[in-house]
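1. Fold the following, please.
(one chain, ligands or ions: 3)
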Amino acid sequence: MNAHKPTIIYTLTDEAPRLATYAFLPIIRAFTEPAGIDIETSDISLASRILAEFPDALTEEQRVPDNLAELGRLTQLPETNIIKLPNISASVPQLLTAIKELRAKGYELPDFPQDPKTEDERKLRERYTKCLGSAVNPVLREGNSDRRAPKAVKEYARKHPHSMGAWSQASRTHVATMKKGDFYHGEKSMTLDRARTVRMELVTPTETVVLKPEVSLDEGDVIDSMFMSKKALYEFYETEMEDAYETGVMFSLHVKATMMRVSHPIVFGHAVRVFYKDAFEKHQELFDELGINVNNGLSDLYDKIESLPASLHEEIVRDLHACHEHRPELAMVDSAKGISNFHSPSDVIVDASMPAMIRLGGKMYGADGRTKDTKAVNPESTFSRIYQEIINFCKTNGQFDPTTMGTVPNVGLMAQKAEEYGSHDKTFEIPSDGAANIVDVATGEILMTQNVEAGDIFRMPIVKDAPIRDWVKLAVTRARDSGMPVLFWLDPYRPHEHELTKLVEKYLQDHDTEGLDIQIMSQVRSMRYTLERLMRGLDTIAATGNILRDYLTDLFPILELGTSAKMLSIVPLMAGGGLYETGAGGSAPKHVKQLIEENHLRWDSLGEFLALAVSLEDLGKKAGNKQAEILAKTLDAATGKLLENNKNPSRKTGELDNRGSQFYLALYWARELAAQTDDADLAKHFGELAETLGSNEDKIVAELGEVQGEPVDIGGYYQSDAEKTSAVMRPSKTLNDALSGTRS
Ligand SMILES: NC(=O)C1=CN([C@@H]2O[C@H](COP(=O)(O)OP(=O)(O)OC[C@H]3O[C@@H](n4cnc5c(N)ncnc54)[C@H](OP(=O)(O)O)[C@@H]3O)[C@@H](O)[C@H]2O)C=CC1
Ligand SMILES: O=C(O)CCC(=O)C(=O)O
Ligand SMILES: [Mg+2]
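-> Ligands and ions are numbered 1, 2, ... in the order given. Model prediction:
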């Protein structure tokens, strides 16, 4: 970091947010430079992370630094100020395509060993694994999460409500979730009485397999032992598939294979295997020979049978199709192209897919392109019961009304890889029947044990004590600042949440809670209580664990605002710095497709605008930089104007898109700065820019609009060409000249 100047680090990520950044960074720099603020970038895209992992395979010029590790280090410093855009949490198919693209660009990366046999291959796979799944967020999120819809955004949604599908009382949509044998049912949990080093092991009748030799834990940490039975999962899928088939309701699968990168691909793969059971039984040997692994989706199977002789290939495809005869209709990701819910594990991600379904009135798309009721299969019951509760509510009370409904901000326990999200390296597919133990290394004491069978998934989530204290504090602060009640969504019947409840009750005593409404209720009751209020226009803060943080920060924003991209998303870092995330959504691959095909980017950068304002405000306060504070205040006002004047990007090609929306933000921001009286220099400087942008408004909007409609080439997907992308994202010479200070 620049030692002298106050600095904001702006991350360069993937897909739509990265495209938007090409247009937005020059605007940010034009506004922050006069205030002496440095904007540094840090590339943490999937491509960059892969390259950083393999310096040995690259030439000197091709090597890139390990930016993620550096950012992780910076999260521990109090002056750190990072703006973090959503990035790809890669599934295996995404990783493979990214490697292929980079190799075509001349990077001699090694093959990804899908089925490692030798020690070298295992090591190589381990290196690649660092780039898989949710690899960025857990490193940067060294604080808990504060996500909410700012007032101006909420007002906008009330004035310009998004479309909502109607709920019918006769809807057949429901959630199917395991009733036995999943992580929830056998869960054990304990709060550590003292610091301990533990080992995870499997004791079989013939040997003891060390799964994880050492995990250091501190006093007060809460650890869980849980497993999912493969047999119970198979039975569950079979029952639900039969039920959907017999009752004629569509089948959809909702998992989070990206973030839960070890357990959920397995859970996903089993669904595909059960659905196509007959074809798998017939061709199992060949599938094994070909190294087919449907944990990576049906696309993996189709890719690998490609090279077979035509007759065999056709036979397999016929056998797969024949399975559909006695299986339910599958929800589609792209019905026009015949891409189903089973195609790739990163296509349907539960946090966004369930809310989208609820918003549509309990519908998903079928193979014929029509919307239909669905059996929404969420195998793991731990958290999915909340979805059935909201479905019941909507069936009884009808769809929510964005013009009158309240809001549900979230205070989420997330720091230091809390709970399930940090459990990747403590999750194992069990090789043979036995006892899965968590053992104190020093004393040999078995802290928790589970009887497991081959194929079961065993894991140990951890939540550390310091993040729990910080989470409680954040919840109290938010309650005080907002005047809203806070509800802790904690289930007394679930061992882990029972432990947390005791700690929450204890740590609440460290705070002045006089006059605050703070309650603890089970997940399902919390949902019901919140919804009753929400429908009546009342606001309730949800204080939740990590997975419900993820679920609820898409669910409520999608219902309230149409998308979670419009959320303010702050991570007050525990070491004193700030991580400002942009919205609560992902990197919107569909938006990139539209840009490439039609040169229209429908990505809404509102999340970036909101994040930049809080980042500048924080910088202003910490660096004693008054101008940064003025920039923050005027940016907020400009964002308000943007919403008021409805200058958000349109979904339709030919209308105002991301670039046009950013232009309006720049125009309004410059006008706000020109109008303020706290700093004459800034007023003068931006008065000129406001004048240039304002007098050229029609010209700039025309220049940004006339390029739309034709395909564009940005020179790559995972690693696009910087010059080409910049040219596509900055097509208005008049705007570019104005920003660089050259009057046209
Ligand atoms: N914080 C992070 O780093 C996160 C990363 N991810 C990653 O993002 C990728 C895609 O995930 P997915 O589950 O599909 O979720 P996304 O949030 O990317 O996409 C779901 C849909 O939400 C809408 N949307 C999201 N953001 C915006 C925005 N700024 N402006 C307008 N619309 C928006 C789009 O709807 P429409 O197409 O109708 O316009 C989009 O297709 C995955 O690789 C996933 O791992 C996911 C969540 C968070
Ligand atoms: O890290 C990820 O994969 C997704 C993060 C996410 O969905 C969220 O934080 O809401
Ligand atoms: Mg999410």
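2. Against residue 317, how distant is residue 154?
-> 50 Å (CB to CB, to the nearest Å). Every C-beta, even on glycine, is put in place using the N, C-alpha and C of the backbone.
3. likewise residue 139?
-> With CB to CB as the criterion, residue 139 and residue 317 are 42 Å apart.
4. How about residue 13?
-> 37 Å.
5. more neighbours, these two?
-> residue 13 (24 against 14; other CB atoms under 10 Å).
6. So for that one, what pLDDT did the model give?
-> Predicted confidence (pLDDT) for residue 13: 98.
7. Also residue 517?
-> So residue 517 comes in at 98 (pLDDT).
8. The residue nearest to it when sequence neighbours are not counted: what's it in contact with?
-> Excluding the flanking residues, the one nearest residue 517 by CB to CB, 6 or more residues apart in numbering is residue 485, at 3.7 Å. Applying CB atoms under 8 Å, 6 or more residues apart in numbering to residue 485 gives the contacts 479, 516, 517, 518, 519, 540, 541.
9. try it again with 10 Å
-> 479, 516, 517, 518, 519, 529, 530, 533, 538, 539, 540, 541 (CB atoms under 10 Å, 6 or more residues apart in numbering).
10. Among the residues you listed, which one is most surrounded by other residues?
-> Busiest of the contacts of residue 485 [other CB under 10 Å] is residue 530, holding 27 neighbours.
11. ok, now how distant is residue 648 from ligand 1?
-> 9 Å (CB to the nearest ligand atom, to the nearest Å).
12. That should have said residue 66, apologies.
-> In terms of CB to the nearest ligand atom, residue 66 sits 18 Å off from ligand 1.
13. That residue contacts residue 53, correct?
-> Yes: with contact defined as CB atoms under 10 Å, residue 66 reaches residue 53; the gap is 7.9 Å.
14. Give me the spatial nearest neighbour of the residue of the chain found nearest ligand 1, chain neighbours excluded.
-> In the chain, the residue that lies nearest ligand 1 is residue 586 (2.4 Å; CB to the nearest ligand atom). Nearest residue to residue 586, sequence neighbours excluded (CB to CB, 6+ apart): residue 86, at 5.0 Å.
15. related to what we said a few turns ago, okay, the residue nearest to residue 517: pLDDT?
-> 98.
16. Break this structure into its domains for me.
-> 174-182+229-397, 188-228+424-459 (automatic domain parsing).
17. Highest mean neighbour count out of those domains?
-> Across the domains of the chain, averaging neighbours per residue (mean count of other CB atoms under 10 Å) puts domain 174-182+229-397 on top, at a mean of 19.
18. what about it and ligand 1, touching?
-> Yes: residues of domain 174-182+229-397 are located near ligand 1 by CB under 6 Å from any ligand atom, namely 258, 346, 349, 352.
19. and residue 498, what is it in contact with?
-> Contacts of residue 498 by CB under 10 Å, 6+ apart are 187, 189, 191, 490, 491, 492.
20. And the residues you listed, which two are furthest apart?
-> 191 and 491 (16.2 Å; CB to CB).
21. mean confidence for the helix or strand hosting residue 72?
-> Element membership for residue 72 (DSSP states H and E) is helix 67-74. What helix 67-74 shows for mean pLDDT is 98.
22. What residues of it count as buried?
-> 67, 68, 71, 74 (16 or more other CB atoms under 10 Å).
23. Residues touching it, excluding its own?
-> 1, 9, 11-12, 41-45, 48-49, 52-53, 66, 80-82, 84, 87, 130-131, 135-136, 138-140, 142, 573, 575, 577, 579.
24. Can you tell me which of those are buried?
-> For these, buried by 16+ other CB under 10 Å: 1, 9, 11-12, 42-45, 48-49, 52-53, 80-82, 84, 87, 131, 135-136, 138-140, 142, 573, 577, 579.
25. hang on, residue 381 packs against residue 185?
-> Yes: Residue 381 lies in contact with residue 185 (CB under 10 Å); the separation is 7.6 Å.
26. what's the overlap in contacts for the two?
-> Going by CB under 10 Å, 6+ apart, residues that sit against residue 381 and also against residue 185 are 178, 179.
27. looking at the domains of the chain, which is closest to ligand 2?
-> domain 174-182+229-397 (3.9 Å).
28. end-to-end on the closest one?
-> 16 Å (CA to CA, to the nearest Å).
29. Let me know whether that domain sits next to ligand 3.
-> Yes: taking CB under 5 Å from the ion as the criterion, domain 174-182+229-397 and ligand 3 are in contact, through residue 351.
30. And residue 80, how close does it get to residue 658?
-> For residue 80 relative to residue 658 (CB to CB), the value is 28 Å.
31. before we move on, what about residue 275?
-> 38 Å.
32. Same check on residue 647?
-> 11 Å.
33. okay, these two: which has more neighbours?
-> residue 658 (28 against 19).
34. who touches that one in this structure?
-> Per CB under 10 Å, 6+ apart, neighbours of residue 658: 16-17, 19-20, 22-24, 591, 595, 600-605, 608, 648-650, 704, 729.
35. cool, and residue 252?
-> 173, 176, 244, 328-332, 340-342, 348, 353-354, 357, 364-366, 372, 374-378.
36. So what sits opposite it in the bridge?
-> residue 376 (DSSP bridges).
37. check which helix or strand covers whatever residue of the chain ends up closest to ligand 3.
-> Proximity of the chain to ligand 3 (CB to the ion) peaks at residue 351, 3.8 Å away. In the assignment (DSSP H and E), residue 351 maps to helix 350-359.
38. Residue 458 too?
-> strand 457-459.
39. Give the rounded mean pLDDT of that strand.
-> pLDDT averaged over strand 457-459 gives 98.
40. Could you identify the helix or strand that succeeds that strand?
-> strand 462-463.
41. Run through who's touching that following strand.
-> 189, 191-192, 198, 215, 217-218, 220-224, 413-423, 426, 471, 496, 499-500, 503, 545-546.
42. With stretch 155-162 instead?
-> So stretch 155-162 is contacted by 149-150, 359, 401-405, 407, 537, 557-563, 566, 606, 639-640, 642-644, 646, 648 (CB under 10 Å, 6+ apart).
43. quick one: residue 242 from residue 339, how far?
-> From residue 242 to residue 339 the distance is 24 Å (CB to CB).
44. whoops, residue 682 was the one
-> From residue 682 to residue 339 the distance is 51 Å (CB to CB).
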